[in-house]
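Student: give me a 3D structure for the following:
(chains A and B)
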Number of protein chains: 2
Amino acid sequence: MPVFLDTTDPDFELEFARLLSAKREDSPDVDDIVAGIIADVRARGDAAVLEMTAKFDRLELEAAGLRFSAEEIDTYCAQVPAAERAALEIAAERIRAYHVRQMPEDAQWTDPDGATLGWRWTPVSAAGLYVPGGLASYPSSVLMNAIPAKVAGVERLCIAVPTPDGIANPLVLLAARIAGVDEIYRIGGAQAIAALAYGTESIAPVDKITGPGNAFVAAAKRRVFGKVGIDMIAGPSEILVIADADNDPEFIALDLLSQAEHDESAQSILITPDAGFAQKVADEVARQLEVLERRGIAGASWRDFGAVIICRDLDEAASLSNRVAPEHLELCVAEPEALSEQIRHAGAIFLGQWTPEAIGDYVGGPNHVLPTARSARFSSGLSVLDFVKRTTLAKMSPEALRAIGPAAETLASSESLQAHGLSVTARLRKLNG
Amino acid sequence: MPVFLDTTDPDFELEFARLLSAKREDSPDVDDIVAGIIADVRARGDAAVLEMTAKFDRLELEAAGLRFSAEEIDTYCAQVPAAERAALEIAAERIRAYHVRQMPEDAQWTDPDGATLGWRWTPVSAAGLYVPGGLASYPSSVLMNAIPAKVAGVERLCIAVPTPDGIANPLVLLAARIAGVDEIYRIGGAQAIAALAYGTESIAPVDKITGPGNAFVAAAKRRVFGKVGIDMIAGPSEILVIADADNDPEFIALDLLSQAEHDESAQSILITPDAGFAQKVADEVARQLEVLERRGIAGASWRDFGAVIICRDLDEAASLSNRVAPEHLELCVAEPEALSEQIRHAGAIFLGQWTPEAIGDYVGGPNHVLPTARSARFSSGLSVLDFVKRTTLAKMSPEALRAIGPAAETLASSESLQAHGLSVTARLRKLNG
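Tutor: Numbering: from 1, shown residues only, chains lettered A, B, ... in the order given. Below is the predicted model:
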């Protein structure tokens, strides 16, 4: 059974604090192993990657076979049924349409002192996307990572996807092709992250690495951060649903379960002002858990990390949600737009009863790579901004330098940086002399 | 002597590659020590911070003394001479005027399928800025970190600044006050980062930590990344100047030295098509190094990491600069705007002979916290965007769900996520039944 809380209960603050601080993921400490793998790939390049692929993925390759050929990709793509191809294309088109609106604009202006200022955005030249193998090898994640990169203008976009025992997911390859990915490598784990960050004889290095992965991949991303850019380290998924009594309990139960089925460490929370409705949803969750295909995973997640919170009113619900800072937030209330104005921290908001979170996972348009583990307090979902960077621009006219140069001289002197000051002084002397 | 290269030299590619890969910083591996410090602060809170402050900063405090009182800040601020106060105010005003333009806009639209989509930006609630003590305690960096946070709308903005032997820098405190900082703590090192990230009895935790620091601070930021957001890990500073012969060699020499004087690991590079001009600049650098106050530091940087590159033409100069991806780039050429169009990777560009880089350090307006060590390939300088995050919004109308729901059902099925599919199916059944 999940935990049931009531905000009018005297112990509520204690229980809610416990919920907030519950450690859901017990990642093994693989940092030393990963450090060794990275050092080996840097030292021996392809040879190290090939050895580890043989060892961990049970796949013997030559260097030339690290990359999927165009013909191989053709063959895999041809295996995808038409309905799935069409669904991927609808998803890709909608994701693209959303993300093109995120492209930030350049700016330039001249201020009253005569300084021309501004900035310009340029794309990262090369990016690498990690795609897990096996159960969590999701074609939708390929679209969600690759499309923002291509919209940003990334010229060279690579994927690393392990193929344990040589088995590839045709949908992943088709999603990569639809998204415009340029190179696909059948490598995984920390060795793939090392190869993308530092390069090998066969794999040119990239500048930015994104995408989810296991503890080894996460530790490797943390280690190469600085040499290349990375996205957030993803934790287990979570959903918070704020619902009033005027909802179909089955809808809400399925939405809670659609997070729970991802992972035993996933978390689903319902906040509602109506205790009777809460019970109906909990009963419906229990009913669905009897028949759901992934009932083992979903049941464990709901039992260990699920929560149902009865609140006084929707204002209180919003305030509690802000303390959780959930990855996904559903507002299943009569006026979701009004309630959303009170939300300060959430990765993505789904408004109204016709917007199940699963729509956002696939075809809504917004990105499904979102901040987990309360990191929506300080970070955003993946976007075009992750694949561009800004160069600031400044040009002083002689008048501008005369106007603001003396303040720079003063501050340079107070920071004991003499050459800084002199570089201004020498110019002012010439201008004034 | 710095290295002299010529792009027409047969060995040029080899020498240039060596320059690009030169390891300029040999950070000690303090990761284990830092892990211990963080664990101690998490376990013992204030008591641990107070002990370490006594040990490392030779400063005995009570918990109540960790934070500067308003009266103490008043007293320090009153020590700042009027000229320095005025210069800080000019700088703050110009930095604020630049950064308010960075505030990103919310968006919302309804697409042809009837889906209402968009996003909303909200500020981080609490941020902490690290300010180094001692020699590198720069008031300008306080402005550059704090003003974007306040422009973003951060409600609670803290500073941690160590005060070895109890000595504080009045200009740092005044800069904090001018920028609107809410709390200032006299703590430093990894213990300060741990206190900001996890909180203690006296210091509430923050959501985001920015600001430069030594190896201990950098290792601590890397470790708390995920629990809180961080900015980039800063490396030693660098400048690349592209100059034609029509420049005053003294200007260019002083600009190169204004990076070199920061740090023995700083790097200054001149690229010019005119060998005679290059020699004049090198001679002028040598002349200035005889008298410069920080000639020890600047001389070591110029000797060990400085470079002068003679190129065929300015196109080649731009192309070489893109391979360096410098933190600071000066374009001292007849048509700097035209040349800037060819620049793809740089933290900040300074256009024309009247824009010394030092102007950007203090009063230009753009941020001086910029990507170092070639990370301009994938990251940007500090900005308002570092203190806000984006929540995506999606609302399906019944028509929108009818239009795109089936594609979501198909993809959920192909990813074996049954509850995802059922959450859509249940709604479509109700809509269609």
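Student: what sits against the residue in the stretch 101-250 of chain A that chain B sits nearest to?
Tutor: At 3.5 Å from chain B, residue A:229 is the closest residue in the stretch 101-250 of chain A, using CB to the nearest CB. C-beta: built from backbone N, CA, C; applies to glycine. Residues near residue A:229 by CB atoms under 8 Å, 6 or more residues apart in numbering or on different chains: A:124, A:207, A:208, A:209, A:386, B:375, B:378, B:379.
Student: burial count for the closest residue to residue A:224 other than its chain neighbours?
Tutor: By the measure of CB to CB, 6 or more residues apart in numbering or on different chains, the closest residue to residue A:224 outside its immediate chain neighbours is residue A:197, 3.9 Å from it. Counted with other CB atoms under 10 Å in any protein chain shown, the neighbours of residue A:197 add up to 25.
Student: got the contact list for the closest residue to residue A:306 other than its chain neighbours?
Tutor: Nearest residue to residue A:306, sequence neighbours excluded (CB to CB, 6+ apart): residue A:2, at 3.0 Å. Shown in contact with residue A:2 (CB under 8 Å, 6+ apart): A:268, A:282, A:302, A:303, A:305, A:306, A:307, A:308.
Student: partner strands of the helix or strand containing residue A:116 and their direction?
Tutor: Assigned by DSSP states H and E, residue A:116 falls within strand A:115-123. Sheet pairing of strand A:115-123 (DSSP bridges) gives strand A:107-110 (antiparallel), strand A:388-396 (antiparallel).
Student: tell me which of those strands is the most buried.
Tutor: Greatest average neighbour count among the strands paired with strand A:115-123 goes to strand A:388-396 (a mean of 25), per mean count of other CB atoms under 10 Å in any protein chain shown.
Student: for that one, what is the average pLDDT?
Tutor: Across strand A:388-396, pLDDT averages out at 98.
Student: distance between it and the chain's centre?
Tutor: Distance, stretch centre to chain centre, for strand A:388-396: 27 Å (CA atoms, centre = their mean, to the nearest Å).
Student: same thing with stretch A:145-153?
Tutor: Here stretch A:145-153 is found 13 Å from its chain centre; the criterion is CA atoms, centre = their mean.
Student: flag every buried residue along that stretch.
Tutor: Neighbour-count burial for stretch A:145-153 flags A:145, A:146, A:147, A:148, A:149, A:150, A:151, A:152 (criterion: 16 or more other CB atoms under 10 Å in any protein chain shown).
Student: same for the host helix or strand of residue A:403, what does it pack against?
Tutor: Assigned by DSSP H and E, residue A:403 belongs to helix A:398-414. Here helix A:398-414 touches helix A:418-432, helix B:82-100, helix B:139-152, helix B:357-362, going by 3 or more CB pairs under 8 Å, 6 or more residues apart in numbering or on different chains; DSSP states H and E.
Student: stretch A:62-70: end-to-end distance?
Tutor: With CA to CA, to the nearest Å applied, stretch A:62-70 spans 17 Å between its terminal residues.
Student: ok, stretch A:410-429 next?
Tutor: Across stretch A:410-429, the terminal residues are separated by 15 Å (CA to CA).
Student: show me the contacts for residue A:146.
Tutor: A:129, A:157, A:159, A:175, A:176, A:179, A:180, A:181.
Student: tell me the two of the residues you listed that are most distant?
Tutor: Farthest apart among the contacts of residue A:146 by CB to CB are A:157 and A:175. That separation is 12.5 Å.
Student: who has more neighbours, these two?
Tutor: Neighbour count, other CB under 10 Å: between residue A:157 and residue A:175, residue A:175 has more, with 32 against 26.
Student: which elements pack onto the strand or helix carrying the more buried one?
Tutor: Residue A:175 is located in helix A:170-179, with elements delineated by DSSP H and E. Counting contacts by 3+ CB pairs under 8 Å, 6+ apart, helix A:170-179 packs against helix A:70-78, helix A:82-100, helix A:139-152.
Student: how near is residue A:114 to residue B:341?
Tutor: Here residue A:114 is placed at a distance of 22 Å from residue B:341 (CB to CB, to the nearest Å).
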